[in-house]
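K.L.:
Structure here, sequence nowhere to be found:
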C-alpha cells in the first residue's frame with residue numbers, strides 16, 4: 001500500500017514537472033514571437049501618430065481611411081468584426097480565432113491612428129496576441145483547455161510589449177474574461193510571456209510610459225474622503241462611458257446599415273469634432289494624459305474624448321478603448337482634483353486608475369498598473385480608490401462578452417444575464 005502510494009505520488013510529481021516544462025517552452029515561444037510582432041506594431045503606431053502630427057492635413061483622409069478599413073475586412077470575408085469580444089469568448093468556449101484577425105487589426109489600427117481616429121491601441125494588441133497564440137496552439141495540436149491558456153498567454157505578451165507593464169499585462173487576461181473567476185492555471189505562462197515580451201520590446205526600442213508622482217497628500221481622514229468621493233464619481237463616469245460607447249455603436253448599426261456609408265458618416269462627424277475642439281483629441285491622446293498628470297486642468301476634455309471615441313469605434317474604425325479610458329479618467333480626475341483642492345497630478349492618477357477599473361471590472365490589474373505607472377508612493381490611496389471604483393461601477397463593461405460571475409455587493413453568483421443584475 002505504501003509503495004503504491006509512493007509510486008502514485010512520484011508519477012503525479014513527474015506529470016506536474018512535464019506540464020511546467022511544457023508551459024515554460026510555450027511561454028518563451030509566445031513571449032518572443034508575439035513580443036516581436038507587438039513591438040513592430042508599437043513602432044508602426046508611433047510612426048502613424050508622429051506622421052499625423054507632422055502633417056495635420058492627413059485628418060482630411062478620415063473618410064478614405066475608413067473606406068480602406070471596411071474594404072480590407074470585407075475582402076477578407078469578415079462582415080461583422082467582434083474584435084476583443086471574440087478573443088474573450090474564445091477563452092470561455094470552443095470558438096476559433098482566425099489568424100487573419102492579426103494582420104487585419106494591425107493594419108486597420110495603424111490606418112485609424114494615421115488619419116486621426118480617436119482610439120487606443122490595447123484592444124488591437126489583445127486581438128493581435130490572442131489570435132496569434134490561438135493559432136499557435138492549434139498548430140501544436142494542443143487540446144481545447146490548453147488553447148484557452150495559450151490565448152491568454154498571447155494577450156499578456158502583446159499587452160506587455162505595447163505598454164511595458166509586465167505585471168498588469170500578466171494579470172489582465174486572466175481577470176477580464178470572467179470577473180470573479182481567476183484563471184490561475186495561466187499564471188506561469190502569462191507571467192513568463194509578459195516578462196519576455198517586455199524585455200524584447202524594450203531591447204527593440206519600445207518606450208515605457210511612467211509618471212512618477214512627486215506630491216502625495218499626507219494621510220488624513222480628509223484626504224481619504226476626497227479619494228473615496230473622486231473614485232465614486234469615476235465609477236459613475238466609467239458606467240456612462242460604457243453606455244455611450246455601446247449606445248453610439250448600436251445607433252450606427254441600427255440607422256446606417258451599409259458599412260461603407262456608416263464609416264464615412266462617422267469620419268465626417270470626427271472631422272467636425274476636430275474642427276471644433278482641435279487635434280488633441282485624435283489618436284490615443286497620450287499628450288493630453290501627460291498634461292493632466294503634469295498638473296494641467298482641461299475642463300470637460302473627458303466629455304469630448306468619450307464622444308469622439310464612441311463615434312470612432314462605433315462607426316467601424318479600429319483600435320482600443322483602454323487608452324481612451326485612461327484619457328477620460330486622467331482629465332476628469334485633474335478637473336475634480338482642482339475643485340477639491342487636491343494635488344492635480346495625484347488626482348489625475350487616481351482618476352486614471354479608477355475609470356480603467358470601472359470599465360474593465362479588473363481591480364487587481366488596475367491596482368498593479370497604477371503601481372507600474374505611478375510608483376509605490378501612494379498605495380493606500382490607490383487601494384481604496386480601486387476598491388470603491390470596482391464596487392460602484394456596477395455591471396457595465398467595455399466588452400459585451402465579459403461575464404461578471406459574482407455580485408459586487410454580496411456573496412452570491414449572478415445569473416447568466418448580467419444586464420438583469422439579479423442573484424441566484
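P.N.:
Right, received. Where do you want to start? Values in this document were obtained by computation on a predicted structure and should not be read as measured data.
K.L.:
Pull out the buried residues from stretch 269-284.
P.N.:
By neighbour count on 16 or more other Cβ atoms under 10 Å, the buried set for stretch 269-284 is 269, 270, 273, 274, 277, 280, 281, 282, 283, 284. Backbone N, C-alpha and C define where each C-beta goes, glycine included.
K.L.:
Mind listing residues that contact that stretch?
P.N.:
For stretch 269-284, the external contacting residues (Cβ atoms under 8 Å, 6 or more residues apart in numbering) are 49, 52-53, 56, 59-60, 62, 113, 116-121, 287-288, 301, 304-305, 307-308, 311-312, 315, 319, 323-324, 327.
K.L.:
And it, end to end?
P.N.:
Stretch 269-284 stretches 17 Å from its first residue to its last (Cα to Cα, to the nearest Å).
K.L.:
And the average pLDDT for it is what?
P.N.:
If you average the pLDDT over stretch 269-284, you get 90.
K.L.:
check which helix or strand covers residue 148.
P.N.:
Using DSSP states H and E, residue 148 sits in helix 144-163.
K.L.:
distance between that helix and the chain's centre?
P.N.:
Averaging C-alpha positions (Cα atoms, centre = their mean, to the nearest Å) puts helix 144-163 13 Å from its chain's average.
K.L.:
Show me what it packs onto, helices and strands only.
P.N.:
Packing partners of helix 144-163 (3 or more Cβ pairs under 8 Å, 6 or more residues apart in numbering; DSSP states H and E): helix 2-54, helix 84-92, helix 122-139, helix 166-176, helix 187-203.
K.L.:
and that helix with helix 2-54, angle?
P.N.:
The directions of helix 144-163 and helix 2-54 differ by 40 degrees, with axes from the mean of the first three to the mean of the last three Cα atoms, to 10 degrees as the criterion.
K.L.:
buried sites along whatever helix or strand residue 335 lives in?
P.N.:
Using DSSP H and E, residue 335 falls within helix 322-339. Within helix 322-339, the residues scored as buried using 16+ other Cβ under 10 Å are 322-338.
K.L.:
on that earlier part again, export the helices and strands packed on helix 144-163 as CSV, with columns for distance to residue 342, mean pLDDT and mean neighbour count.
P.N.:
CSV is the format used below for these (distance: least, Cβ to Cβ, whole Å; pLDDT from 0 to 100; neighbours: other Cβ atoms under 10 Å):
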stretch, distance to residue 342, mean pLDDT, mean neighbour count
helix 2-54, 31, 84, 16
helix 84-92, 33, 75, 22
helix 122-139, 28, 87, 26
helix 166-176, 24, 93, 26
helix 187-203, 32, 95, 24
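K.L.:
Serialize those helices to TSV and add fields for distance to residue 408.
P.N.:
Shown next, in TSV, are those (distance: least, Cβ to Cβ, whole Å):
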stretch	distance to residue 408
helix 2-54	32
helix 84-92	19
helix 122-139	24
helix 166-176	14
helix 187-203	24
